[in-house]
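Colleague: return a 3D structure for these sequence lines:
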Amino acid sequence: MFSSIRFWLVSLFSFLILICLIASFLFFSAMSHSRDLMNYHSHLKATRIAVFEINKLKEDILLSNSGREDFFSSQTSPIENKFRNLNHFADTLIRFFNKSPITARYKMTEQIRQLTPILHNFSSGFQSLIYLYKLKGFKDFGLEGQMRNHAHRLYDLGNKEVKFYCLLMRRHEKDFLLRKDPTYVRSFYDAQKKLVKYFY
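Modeller: Purely as a prediction, here's the structure:
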């Protein structure tokens, strides 16, 4: 009788230990999964902030770089370096999502895969914007600088009518650059035609 009680006590104790081990395994597994989800979520937040910053740089180029000579004179300006770093960071984050088992577990593989070409298209669009903005130029740089130099050379010829049409063309040019209204382009060309008559 004593052996049967001992057998049941050992069995009950073993069963309790087994339940504790299973509960501990489930607890630590849940904690590990929770940590993975929190890490995934923090990467999502970082990606959102990086993409927001990248998008904001487009506005910064048009607003804050309009009068900065280092933007036009240097091979790569500070804003371009910032974009390159943010773009690389976003690319690294997307690679993390591609490799993460959470992406596959929650069936987000296709959505994550689509992010890479979207980011690359955005990047090439940004580079095109930089190229066009530098091509347009400012003061002594780019096409605007060339137009300014040519206008000064014509103006310095000393003829009153030539000076008048030079100033008129310059005014239409500035109005177009400020307001982006095509009417000023037509007015510019009208003044240019009248100016050309003085040389032919």
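
Colleague: which stretch of helix or strand covers the most centrally placed residue in the chain?
Modeller: Among the residues of the chain, the one closest to the centroid is residue 54, at 2.5 Å (CA atoms, centre = their mean). Assessed by DSSP states H and E, residue 54 sits inside helix 2-64.

Colleague: let's test this: mean pLDDT of that helix, rounded?
Modeller: Averaged across helix 2-64, pLDDT comes to 81.

Colleague: to the chain's geometric centre, what's the distance from that helix?
Modeller: Computed by CA atoms, centre = their mean, to the nearest Å, the separation of helix 2-64 from the middle of its chain amounts to 32 Å.

Colleague: buried residues in whichever helix or strand comes after it?
Modeller: Downstream of helix 2-64, the next assigned helix or strand under DSSP H and E is helix 69-73. Neighbour-count burial for helix 69-73, with 16 or more other CB atoms under 10 Å as criterion, is recorded at 71-72. Heads up, the C-betas are built off the backbone N, CA and C, glycines and all.

Colleague: now the element after helix 69-73, going C-ward?
Modeller: Assigned by DSSP H and E, the successor of helix 69-73 is helix 78-99.

Colleague: that following helix to helix 2-64, inter-axis angle?
Modeller: 150 degrees (axes from the mean of the first three to the mean of the last three CA atoms, to 10 degrees).

Colleague: and helix 78-99, which residues are buried?
Modeller: Buried-residue list, helix 78-99, by 16+ other CB under 10 Å: 79-80, 83, 86-87, 89-91, 93-94, 96-97.

Colleague: which among the residues you listed gets closest to residue 13?
Modeller: Closest approach to residue 13 among the buried residues of helix 78-99 (CB to CB): residue 96, at 45.7 Å.

Colleague: touching, the closest one and residue 42? I think so.
Modeller: No. Counting by CB atoms under 8 Å, residue 96 does not reach residue 42; the two are 10.5 Å apart.

Colleague: how many residues are close by residue 159?
Modeller: Applying other CB atoms under 10 Å, we find 14 residues neighbouring residue 159.

Colleague: give me the phi and psi for it.
Modeller: Per-residue torsions, residue 159: phi -70, psi 130 (degrees, to the nearest 10).

Colleague: so how far is residue 190 from residue 160?
Modeller: Residue 160 is 19 Å from residue 190, where distance means CB to CB, to the nearest Å.

Colleague: same check on residue 82?
Modeller: In terms of CB to CB, residue 82 sits 42 Å off from residue 190.

Colleague: same deal with residue 81?
Modeller: Between residue 81 and residue 190 the computed distance is 43 Å (CB to CB).

Colleague: same check, this time on residue 151
Modeller: 16 Å.

Colleague: try residue 168
Modeller: Counting by CB to CB - residue 168 and residue 190 are separated by 9 Å.

Colleague: which of the two has more neighbours?
Modeller: More crowded of residue 168 and residue 190, by other CB under 10 Å: residue 168, with 17 against 14.
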